[in-house]
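>>> Just a sequence and a predicted model for now, questions to come.
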Amino acid sequence: MGLSKEQIARYSRQLILPEVGPSGQERLLGASALIVGAGGLGSVAALYLAAAGVGTIGIVDRESVELSNLHRQILHATRDVGRPKTTSAQIRLSSLNSEIRVKALQVSLGPQNVADLLAPYDVILDGSDNFPTRYLVNDACVLANKILVHAGVVRFEGQLLTIIPRQSACFRCVFPEPPLPGAIPACQAAGVLGSCAGVIGSLMAHEALKVLLGIGEPLGNRLLVFDGKTSRFREVLVRRDLGCGVCGQIPTIHDLIRSADPCSGLLPSDSVAPGTEVVFTDVTNAPSTSHYG
Ligand SMILES: [Zn+2]
(Lines give C-alpha, C1' and ligand atoms only; values in the text may rest on other atoms or scores of the structure.)
Protein backbone atom coordinates (compact mmCIF):
# COMPACT_ATOMS: atom_id res chain seq x y z
CA MET A 1 0.00 0.00 0.00
CA GLY A 2 2.91 2.36 0.68
CA LEU A 3 3.13 5.10 3.28
CA SER A 4 1.79 8.60 2.67
CA LYS A 5 4.02 11.67 2.93
CA GLU A 6 2.39 12.53 6.23
CA GLN A 7 2.91 9.02 7.59
CA ILE A 8 6.57 9.12 6.58
CA ALA A 9 6.93 12.39 8.52
CA ARG A 10 4.94 11.24 11.56
CA TYR A 11 6.76 7.96 12.01
CA SER A 12 10.17 9.09 10.70
CA ARG A 13 12.11 8.49 13.92
CA GLN A 14 11.01 4.88 14.15
CA LEU A 15 11.04 4.35 10.37
CA ILE A 16 14.78 4.93 10.30
CA LEU A 17 15.29 2.01 12.65
CA PRO A 18 16.33 -0.88 10.40
CA GLU A 19 14.23 -3.22 12.57
CA VAL A 20 11.12 -1.18 11.74
CA GLY A 21 11.48 0.46 8.33
CA PRO A 22 8.52 1.03 5.97
CA SER A 23 7.50 -2.63 6.03
CA GLY A 24 7.44 -2.67 9.85
CA GLN A 25 5.39 0.54 9.90
CA GLU A 26 2.91 -0.91 7.44
CA ARG A 27 2.73 -3.97 9.64
CA LEU A 28 1.89 -1.80 12.66
CA LEU A 29 -0.74 0.15 10.72
CA GLY A 30 -2.38 -3.13 9.76
CA ALA A 31 -2.15 -4.54 13.30
CA SER A 32 -4.56 -4.51 16.20
CA ALA A 33 -4.21 -4.55 19.97
CA LEU A 34 -6.80 -4.96 22.71
CA ILE A 35 -6.17 -3.22 26.00
CA VAL A 36 -8.07 -4.55 28.98
CA GLY A 37 -8.52 -1.69 31.41
CA ALA A 38 -8.06 2.04 30.71
CA GLY A 39 -6.44 2.53 34.11
CA GLY A 40 -2.88 3.39 35.15
CA LEU A 41 -1.25 0.71 32.99
CA GLY A 42 -3.66 0.73 30.06
CA SER A 43 -3.51 4.54 29.80
CA VAL A 44 0.21 4.60 29.19
CA ALA A 45 0.27 1.51 26.98
CA ALA A 46 -2.56 2.89 24.83
CA LEU A 47 -0.82 6.23 24.29
CA TYR A 48 2.38 4.61 23.06
CA LEU A 49 0.58 2.13 20.81
CA ALA A 50 -1.48 4.93 19.29
CA ALA A 51 1.57 7.13 18.84
CA ALA A 52 3.45 4.27 17.15
CA GLY A 53 0.62 3.82 14.66
CA VAL A 54 -0.93 0.53 15.71
CA GLY A 55 -3.87 0.66 13.30
CA THR A 56 -6.66 -0.59 15.53
CA ILE A 57 -6.75 -0.26 19.31
CA GLY A 58 -9.62 -1.68 21.34
CA ILE A 59 -10.12 -0.50 24.92
CA VAL A 60 -12.30 -2.47 27.30
CA ASP A 61 -13.43 -0.71 30.45
CA ARG A 62 -16.85 -0.33 32.00
CA GLU A 63 -15.97 2.38 34.53
CA SER A 64 -16.17 6.15 34.46
CA VAL A 65 -13.35 8.54 35.24
CA GLU A 66 -12.97 9.59 38.88
CA LEU A 67 -10.84 12.41 40.25
CA SER A 68 -8.72 9.90 42.20
CA ASN A 69 -7.78 8.17 38.89
CA LEU A 70 -6.02 11.16 37.40
CA HIS A 71 -2.65 10.93 39.16
CA ARG A 72 -1.84 7.77 37.19
CA GLN A 73 -4.46 7.27 34.48
CA ILE A 74 -3.00 9.81 32.11
CA LEU A 75 -5.38 9.09 29.24
CA HIS A 76 -8.01 11.04 31.12
CA ALA A 77 -8.19 14.73 31.96
CA THR A 78 -9.98 16.68 34.68
CA ARG A 79 -12.80 17.54 32.28
CA ASP A 80 -13.39 13.81 31.75
CA VAL A 81 -14.43 13.13 35.35
CA GLY A 82 -17.79 11.38 35.19
CA ARG A 83 -17.31 10.33 31.56
CA PRO A 84 -16.89 6.68 30.57
CA LYS A 85 -13.17 5.89 30.49
CA THR A 86 -13.55 4.39 27.02
CA THR A 87 -14.98 7.69 25.75
CA SER A 88 -12.16 9.82 27.12
CA ALA A 89 -9.66 7.24 25.87
CA GLN A 90 -11.13 7.39 22.39
CA ILE A 91 -11.03 11.20 22.32
CA ARG A 92 -7.46 11.41 23.64
CA LEU A 93 -6.03 8.68 21.40
CA SER A 94 -7.77 10.02 18.30
CA SER A 95 -6.41 13.50 18.98
CA LEU A 96 -2.91 12.02 19.31
CA ASN A 97 -3.21 10.05 16.09
CA SER A 98 -6.30 10.55 13.96
CA GLU A 99 -5.41 7.90 11.40
CA ILE A 100 -5.83 4.95 13.74
CA ARG A 101 -9.11 3.35 14.72
CA VAL A 102 -9.99 3.33 18.41
CA LYS A 103 -12.78 1.03 19.52
CA ALA A 104 -14.42 2.01 22.79
CA LEU A 105 -15.73 -1.16 24.42
CA GLN A 106 -17.64 0.00 27.48
CA VAL A 107 -18.64 -3.43 28.73
CA SER A 108 -18.03 -5.58 31.74
CA LEU A 109 -15.57 -8.24 30.61
CA GLY A 110 -16.74 -11.68 31.69
CA PRO A 111 -16.74 -15.34 30.71
CA GLN A 112 -19.69 -14.75 28.40
CA ASN A 113 -17.99 -12.14 26.19
CA VAL A 114 -14.22 -12.38 26.65
CA ALA A 115 -13.63 -14.76 23.71
CA ASP A 116 -15.61 -12.54 21.32
CA LEU A 117 -13.92 -9.39 22.61
CA LEU A 118 -10.39 -10.59 22.02
CA ALA A 119 -11.01 -12.58 18.81
CA PRO A 120 -10.38 -9.71 16.33
CA TYR A 121 -7.06 -8.62 17.89
CA ASP A 122 -3.45 -9.61 17.20
CA VAL A 123 -2.15 -9.01 20.71
CA ILE A 124 -3.82 -8.52 24.09
CA LEU A 125 -2.57 -6.27 26.91
CA ASP A 126 -4.00 -6.91 30.35
CA GLY A 127 -3.79 -3.91 32.64
CA SER A 128 -6.78 -4.93 34.73
CA ASP A 129 -6.82 -4.46 38.47
CA ASN A 130 -8.35 -7.68 39.75
CA PHE A 131 -7.52 -11.36 39.82
CA PRO A 132 -10.73 -12.79 38.34
CA THR A 133 -10.16 -10.71 35.20
CA ARG A 134 -6.46 -11.63 35.05
CA TYR A 135 -7.16 -15.36 35.20
CA LEU A 136 -10.04 -15.02 32.76
CA VAL A 137 -8.01 -13.05 30.21
CA ASN A 138 -5.09 -15.46 30.60
CA ASP A 139 -7.29 -18.50 30.04
CA ALA A 140 -9.10 -16.91 27.11
CA CYS A 141 -5.81 -15.97 25.43
CA VAL A 142 -4.38 -19.47 25.85
CA LEU A 143 -7.57 -21.07 24.48
CA ALA A 144 -7.62 -18.63 21.53
CA ASN A 145 -3.84 -18.81 21.02
CA LYS A 146 -3.38 -15.05 21.41
CA ILE A 147 -0.18 -13.51 22.72
CA LEU A 148 -0.84 -11.75 26.02
CA VAL A 149 1.19 -9.04 27.73
CA HIS A 150 0.29 -9.29 31.40
CA ALA A 151 1.17 -6.64 33.98
CA GLY A 152 0.29 -5.42 37.44
CA VAL A 153 1.34 -2.61 39.74
CA VAL A 154 0.76 -1.65 43.37
CA ARG A 155 2.54 0.72 45.77
CA PHE A 156 6.09 0.93 44.35
CA GLU A 157 6.20 -2.49 42.69
CA GLY A 158 5.33 -3.65 39.22
CA GLN A 159 5.36 -6.97 37.38
CA LEU A 160 5.36 -7.85 33.70
CA LEU A 161 5.21 -11.11 31.74
CA THR A 162 4.61 -11.83 28.07
CA ILE A 163 2.71 -15.04 27.51
CA ILE A 164 3.07 -16.98 24.29
CA PRO A 165 0.40 -19.65 24.58
CA ARG A 166 1.70 -23.20 24.93
CA GLN A 167 5.25 -21.97 24.37
CA SER A 168 6.01 -19.93 27.46
CA ALA A 169 4.59 -19.92 30.99
CA CYS A 170 1.08 -18.54 31.31
CA PHE A 171 -0.17 -16.55 34.31
CA ARG A 172 -1.72 -19.71 35.71
CA CYS A 173 1.57 -21.64 35.33
CA VAL A 174 3.27 -18.98 37.44
CA PHE A 175 0.48 -18.39 39.95
CA PRO A 176 -1.61 -21.58 39.89
CA GLU A 177 -3.98 -20.51 42.65
CA PRO A 178 -5.75 -17.18 43.07
CA PRO A 179 -4.96 -15.58 46.42
CA LEU A 180 -7.33 -15.81 49.33
CA PRO A 181 -9.80 -12.93 49.45
CA GLY A 182 -8.28 -10.01 51.34
CA ALA A 183 -4.76 -11.51 51.26
CA ILE A 184 -3.43 -9.10 48.65
CA PRO A 185 -3.82 -5.33 48.93
CA ALA A 186 -5.30 -3.48 45.96
CA CYS A 187 -4.24 -0.06 44.71
CA GLN A 188 -7.39 1.34 46.25
CA ALA A 189 -6.31 0.25 49.72
CA ALA A 190 -2.54 0.07 49.37
CA GLY A 191 -1.86 3.00 47.07
CA VAL A 192 0.36 3.29 44.04
CA LEU A 193 2.81 5.88 42.75
CA GLY A 194 1.60 7.00 39.31
CA SER A 195 5.07 6.92 37.82
CA CYS A 196 5.41 3.20 38.69
CA ALA A 197 2.30 2.54 36.60
CA GLY A 198 3.98 4.64 33.90
CA VAL A 199 7.12 2.49 33.93
CA ILE A 200 5.20 -0.77 33.66
CA GLY A 201 2.62 0.60 31.21
CA SER A 202 5.44 1.74 28.90
CA LEU A 203 6.98 -1.72 29.07
CA MET A 204 3.62 -3.26 28.17
CA ALA A 205 3.46 -1.15 25.01
CA HIS A 206 7.09 -1.97 24.32
CA GLU A 207 6.45 -5.71 24.55
CA ALA A 208 3.37 -5.44 22.33
CA LEU A 209 5.27 -3.45 19.69
CA LYS A 210 8.07 -6.05 19.69
CA VAL A 211 5.52 -8.82 19.25
CA LEU A 212 3.73 -7.00 16.42
CA LEU A 213 6.99 -6.14 14.66
CA GLY A 214 8.52 -9.56 15.30
CA ILE A 215 11.72 -8.04 16.66
CA GLY A 216 13.90 -8.88 19.64
CA GLU A 217 13.03 -11.37 22.31
CA PRO A 218 9.68 -11.31 24.09
CA LEU A 219 9.56 -11.38 27.88
CA GLY A 220 8.46 -15.00 27.95
CA ASN A 221 9.39 -17.24 30.90
CA ARG A 222 10.87 -14.19 32.64
CA LEU A 223 8.67 -12.43 35.15
CA LEU A 224 10.09 -8.92 35.25
CA VAL A 225 9.77 -7.31 38.67
CA PHE A 226 10.31 -3.58 39.18
CA ASP A 227 11.19 -2.19 42.59
CA GLY A 228 10.28 1.47 42.32
CA LYS A 229 12.04 2.38 45.58
CA THR A 230 15.46 1.32 44.33
CA SER A 231 14.58 1.67 40.63
CA ARG A 232 15.95 -1.83 40.21
CA PHE A 233 14.63 -4.55 37.93
CA ARG A 234 15.01 -8.24 38.56
CA GLU A 235 13.84 -11.27 36.66
CA VAL A 236 12.21 -14.35 38.10
CA LEU A 237 12.75 -17.22 35.69
CA VAL A 238 9.49 -19.09 35.35
CA ARG A 239 8.60 -22.09 33.27
CA ARG A 240 5.58 -23.58 31.61
CA ASP A 241 3.88 -26.08 33.90
CA LEU A 242 2.89 -29.15 31.91
CA GLY A 243 0.31 -29.78 34.63
CA CYS A 244 -1.20 -26.29 34.16
CA GLY A 245 -4.99 -26.30 34.14
CA VAL A 246 -5.20 -24.27 30.93
CA CYS A 247 -1.96 -24.68 28.95
CA GLY A 248 -0.75 -28.03 30.31
CA GLN A 249 -0.69 -31.39 28.60
CA ILE A 250 -4.05 -32.42 30.06
CA PRO A 251 -5.92 -29.16 30.51
CA THR A 252 -8.85 -29.12 32.88
CA ILE A 253 -10.08 -25.67 31.87
CA HIS A 254 -11.99 -25.79 28.59
CA ASP A 255 -14.68 -23.26 29.37
CA LEU A 256 -14.12 -19.77 30.64
CA ILE A 257 -15.29 -19.31 34.19
CA ARG A 258 -14.98 -16.34 36.45
CA SER A 259 -13.37 -17.04 39.79
CA ALA A 260 -15.47 -15.87 42.70
CA ASP A 261 -12.51 -14.17 44.30
CA PRO A 262 -12.90 -10.41 43.95
CA CYS A 263 -9.59 -9.23 45.44
CA SER A 264 -7.03 -7.33 43.45
CA GLY A 265 -3.43 -6.16 43.69
CA LEU A 266 -0.23 -8.10 42.94
CA LEU A 267 0.74 -11.63 43.80
CA PRO A 268 4.16 -11.51 45.43
CA SER A 269 6.90 -12.58 43.08
CA ASP A 270 8.17 -14.98 45.79
CA SER A 271 4.95 -16.94 45.50
CA VAL A 272 5.67 -18.20 42.00
CA ALA A 273 5.27 -21.90 41.35
CA PRO A 274 8.08 -24.21 42.56
CA GLY A 275 10.98 -24.72 40.19
CA THR A 276 11.54 -21.06 39.48
CA GLU A 277 14.63 -19.10 40.28
CA VAL A 278 15.61 -15.49 40.56
CA VAL A 279 18.10 -13.79 38.33
CA PHE A 280 19.19 -10.26 39.09
CA THR A 281 19.67 -8.27 35.94
CA ASP A 282 22.20 -6.09 37.73
CA VAL A 283 24.60 -8.77 38.92
CA THR A 284 26.76 -6.31 40.82
CA ASN A 285 23.88 -5.81 43.21
CA ALA A 286 22.78 -9.41 43.41
CA PRO A 287 22.78 -10.83 46.93
CA SER A 288 24.67 -14.06 47.42
CA THR A 289 21.53 -15.90 48.45
CA SER A 290 18.01 -15.38 47.31
CA HIS A 291 14.89 -15.72 49.38
CA TYR A 292 13.12 -16.98 46.31
CA GLY A 293 14.88 -20.33 46.73
ZN1 LIG B 1 -0.23 -22.36 31.96
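Thanks, I have it.
>>> Grab the nearest non-local neighbour of Leu213.
The shortest distance from Leu213 to any non-neighbouring residue, by Cβ to Cβ, 6 or more residues apart in numbering, is to Gly24 (5.0 Å). Quick note: C-beta positions are derived from backbone N, CA and C, even for glycine.
>>> ok, now how distant is that neighbour from the ion?
Relative to the ion, Gly24 is positioned 30 Å away (Cβ to the ion, to the nearest Å).
>>> Please pull up the helix or strand immediately following whichever strand or helix holds that residue.
Secondary structure from DSSP states H and E places Gly24 in helix 21-29. Downstream of helix 21-29, the first helix or strand assigned by DSSP H and E is strand 32-36.
>>> how far off strand 32-36 does the helix or strand that that following strand is followed by point, in degrees?
Later in the chain than strand 32-36, the nearest helix or strand by DSSP H and E is helix 40-52. With axes from the mean of the first three to the mean of the last three Cα atoms, to 10 degrees applied, the angle from helix 40-52 to strand 32-36 works out at 160 degrees.
>>> Which elements pack onto the very next helix or strand once past helix 40-52?
Next helix or strand after helix 40-52 toward the C-terminus (DSSP H and E): strand 56-60. Packed against strand 56-60, as judged by 3 or more Cβ pairs under 8 Å, 6 or more residues apart in numbering; DSSP states H and E, are the following elements: strand 32-36, helix 40-52, helix 85-96, strand 101-105.
>>> what would these look like in CSV with distance to the ion and mean pLDDT?
Formatted as CSV, the helices and strands packed on strand 56-60 follow (distance: least, Cβ to the ion, whole Å; pLDDT from 0 to 100):
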stretch, distance to the ion, mean pLDDT
strand 32-36, 18, 98
helix 40-52, 22, 98
helix 85-96, 30, 98
strand 101-105, 26, 98
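>>> Where do the strands of the stretch 151-293 of the chain begin and end?
157-163, 222-227, 232-237, 277-280 (DSSP state E, counting those that start in this stretch).
>>> and the ion, which of the ones you listed is closest to it?
Proximity to the ion (Cβ to the ion) singles out strand 157-163 among those, at 8.1 Å.
>>> relative orientation of that closest one and strand 222-227 in degrees?
170 degrees.
>>> and strand 157-163, which strands flank it?
According to DSSP bridges, strand 157-163 forms sheet pairs with strand 147-154 (antiparallel), strand 222-227 (antiparallel).
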